[in-house]
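Engineer: Take this sequence and fold it.
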Amino acid sequence: MRYALLNVADEVLRYQEFEAQPPDPVGKDWRWVADPLPDPPPALPAVPAEVTNFQARAVLTSTGQLAAVEAYIAGLADPVATAAWEYAGVIARDSPLVAGAQAALALDDAAMDDLFIAAAAIVA
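Structural biologist: Model prediction:
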């Protein structure tokens, strides 16, 4: 069985497996506590490498940022970038278009990652 060695403040000092009751700890204020211990926090969701164009537009609409992204793309006066935004099936997280939109929206990497994670959860 797995046990946790706790100090006087109930902070876990270490985990250890014992087949029977563990020996008394050396420190007088320490104690062993058997499982069930709290589960570790869930893993953070992975940032998707790409989302569909629909998912990108949906998350930008829901966060009120679609107009700003469309203004940024229109300001580029680049027909290829405009075509990519209008017709691409997917939007890649590492694309130059996304990097430019991220800068235009003044978002840090974590905020853009959060948008991609939220977008990936949207189902049409």
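
Engineer: Identify all contacting residues around the helix or strand of the chain with the lowest mean pLDDT.
Structural biologist: The weakest-scoring helix or strand in the chain, judged by mean pLDDT, DSSP states H and E, is strand 31-34 (a mean of 73). Strand 31-34 has contacts (Cβ atoms under 8 Å, 6 or more residues apart in numbering) with 1, 2, 3, 4, 5, 6, 22, 25. All C-beta atoms are positioned from the backbone trio N, CA, C, and that covers glycine.

Engineer: Show me the domain layout of the chain.
Structural biologist: Domain ranges of the chain: 2-34, 50-120, per automatic domain parsing.

Engineer: which parts of stretch 106-121 are buried?
Structural biologist: Neighbour counts over stretch 106-121 (16 or more other Cβ atoms under 10 Å) mark 112, 113, 114, 115, 116, 117, 118, 119, 120 as buried.

Engineer: got those as a markdown table, with pLDDT columns?
Structural biologist: Converted to a markdown table, the buried residues of stretch 106-121 look like this (pLDDT from 0 to 100):
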| residue | pLDDT |
| --- | --- |
| 112 | 98 |
| 113 | 97 |
| 114 | 96 |
| 115 | 97 |
| 116 | 98 |
| 117 | 96 |
| 118 | 97 |
| 119 | 97 |
| 120 | 97 |
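
Engineer: Just send those residues back as CSV, with secondary structure and distance to residue 78 too.
Structural biologist: Below are those laid out as CSV (DSSP: H, G, I helix; E, B strand; the rest coil; distance: Cβ to Cβ, whole Å):
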residue, secondary structure, distance to residue 78
112, helix, 21
113, helix, 25
114, helix, 27
115, helix, 22
116, helix, 23
117, helix, 28
118, helix, 27
119, helix, 23
120, helix, 27
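
Engineer: Fine by me, we can end here.
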